[in-house]
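Q: Just a sequence and a predicted model for now, questions to come.
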Amino acid sequence: MIDDDAAPAASDTTDALRTVVQEAAQDGSFSGVVSIARGEDVLLEACYGYAHRGLGVVPTPSTRFATASGSKTFTALAVMRLIEDGVLTLDTLVRRYLGADLPLIDDGVTVHHLLGHTSGIGDYLDESSDVSFNDHLMVRPVHEYTDAESFLPDLEGHEQVSPPGERYAYNNGAYLVLALVAARASRRDYHELVRTEVLARAGMEQTDFLRSDRLPGDAALGYLEDSGDYSNILHLPVLGGGDGGAYTNAADMRRFWRALDEGRIVSRDSYELMTTTPHLDEEEGLRVGLGFYRHEHGGNAVLIEGCDAGVSFRSTHDADSGLTVTVLGNTMEGAWPVIEALLPLFPAR
């Protein structure tokens with residue numbers, strides 16, 4: 001279903017965008033929201049599928065969707081806030097805050113290594129292995145995951161894979177360790193830290209870590225692929241941690257990028273450092289920074305993304321043109337045809 005009322009007055013540009021989005025959405029059986037804006041001018045907001053299949057609730061532009069690993073960016077920014085405040089540095093050895101916990105993590109691992117996926121630590125959820133996100137991958141009952149410390153048992157027992165700084169390898173566990181370090185160093189709850197130091201600074205009042213067992217009416221359920229109408233509630237932590245779990249909507253993502261451009265979350269120098277992308281993730285076709293990505297083909301656009309059981313998300317922003325494209329989906333595969341179809345909006349330079 002497309003929400004025609006959400007789009008601005010018809011124009012050649014808007015009509016062309018709507019056609020591209022609608023064809024890609026149909027090809028991928030997309031369920032979710034697509035938002036395209038240039039600065040404050042919303043060019044298109046289109047809604048498809050169902051936010052709640054059982055009740056027949058359709059999404060609106062204000063519906064909140066899970067972001068999966070898109071939340072890693074919020075973790076990275078919270079850590080950078082602590083660095084700017086002098087609580088941490090990029091060179092801080094994480095052993096200082098881990099103490100006797102996680103003894104298999106190399107003593108040379110730094111905050112910078114964790115942020116850039118070069119720590120070499122063993123990953124509790126290794127996406128390079130043969131796993132299906134439709135499987136029940138959490139090793140404990142999902143209701144036990146409620147704060148940074150609660151993930152600690154899952155991080156135990158994973159051998160160091162490579163020396164710190166030797167190579168890039170995407171690592172979910174690294175961001176759980178970051179959340180743990182940030183919480184202990186700041187003596188603050190991880191979720192409160194993100195809310196205060198990232199979301200509040202950006203004016204993202206609709207973005208938060210929501211419990212999956214008490215989702216508000218404006219939040220979409222996530223649905224498993226090819227399994228009828230089963231939701232993902234038994235497949236993910238009841239409350240997300242440092243590597244995923246925040247919910248947001250299209251308007252808040254526009255606020256997010258605007259706040260970054262204006263230096264309201266972290267300084268411009270910190271943001272430039274975080275969006276410098278020294279590594280290439282060949283499988284994803286993305287260049288990797290510290291919590292942010294750029295397209296492999298070049299250009300100035302910066303993006304964040306996430307994918308998990310019942311979640312597919314990407315938000316891309318080009319500060320030069322002011323263009324922001326956000327795709328929020330509540331299935332794991334549905335958003336990607338739409339995302340691919342809109343890549344030409346961010347050409348190489």
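A: Yes, it's here.

Q: So which elements touch the one helix or strand in the chain whose mean pLDDT sits lowest?
A: Taking mean pLDDT, DSSP states H and E as the measure, the chain has helix 12-27 as its least confident helix or strand, at a mean of 92. The contact analysis (3 or more Cβ pairs under 8 Å, 6 or more residues apart in numbering; DSSP states H and E) places helix 12-27 against strand 32-38, strand 41-48, helix 335-341. For every residue, glycine as well, the C-beta is placed using N, CA and C.

Q: relative orientation of the first one and helix 12-27 in degrees?
A: Okay, so that is strand 32-38. Taking axes from the mean of the first three to the mean of the last three Cα atoms, to 10 degrees, one finds strand 32-38 and helix 12-27 inclined to each other by 160 degrees.

Q: Tabulate the helices and strands packed on helix 12-27 (CSV), appending mean pLDDT and mean neighbour count.
A: Shown next, in CSV, are these (pLDDT from 0 to 100; neighbours: other Cβ atoms under 10 Å):
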stretch, mean pLDDT, mean neighbour count
strand 32-38, 98, 25
strand 41-48, 97, 20
helix 335-341, 97, 21
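
Q: May I have the least confident helix or strand of the chain as PDB, with CA atoms only?
A: Provided in PDB are the C-alpha atoms of helix 12-27 (Å, rounded to 0.1, in the frame of the first residue of the first chain):
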ATOM      1  CA  ASP A  12       7.900  15.600 -12.400                       C
ATOM      2  CA  THR A  13      10.700  14.800  -9.900                       C
ATOM      3  CA  THR A  14       8.300  13.500  -7.300                       C
ATOM      4  CA  ASP A  15       6.400  11.400  -9.900                       C
ATOM      5  CA  ALA A  16       9.600   9.900 -11.200                       C
ATOM      6  CA  LEU A  17      10.700   9.000  -7.600                       C
ATOM      7  CA  ARG A  18       7.400   7.500  -6.800                       C
ATOM      8  CA  THR A  19       7.500   5.300  -9.900                       C
ATOM      9  CA  VAL A  20      11.000   4.100  -9.000                       C
ATOM     10  CA  VAL A  21      10.100   3.400  -5.400                       C
ATOM     11  CA  GLN A  22       6.800   1.700  -6.200                       C
ATOM     12  CA  GLU A  23       8.300  -0.700  -8.800                       C
ATOM     13  CA  ALA A  24      11.100  -1.600  -6.400                       C
ATOM     14  CA  ALA A  25       8.700  -2.100  -3.500                       C
ATOM     15  CA  GLN A  26       6.500  -4.400  -5.500                       C
ATOM     16  CA  ASP A  27       9.500  -6.400  -6.700                       C
END
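
Q: just how off-centre is that helix within its chain?
A: Centre-to-centre, helix 12-27 and its host chain are 25 Å apart (Cα atoms, centre = their mean, to the nearest Å).
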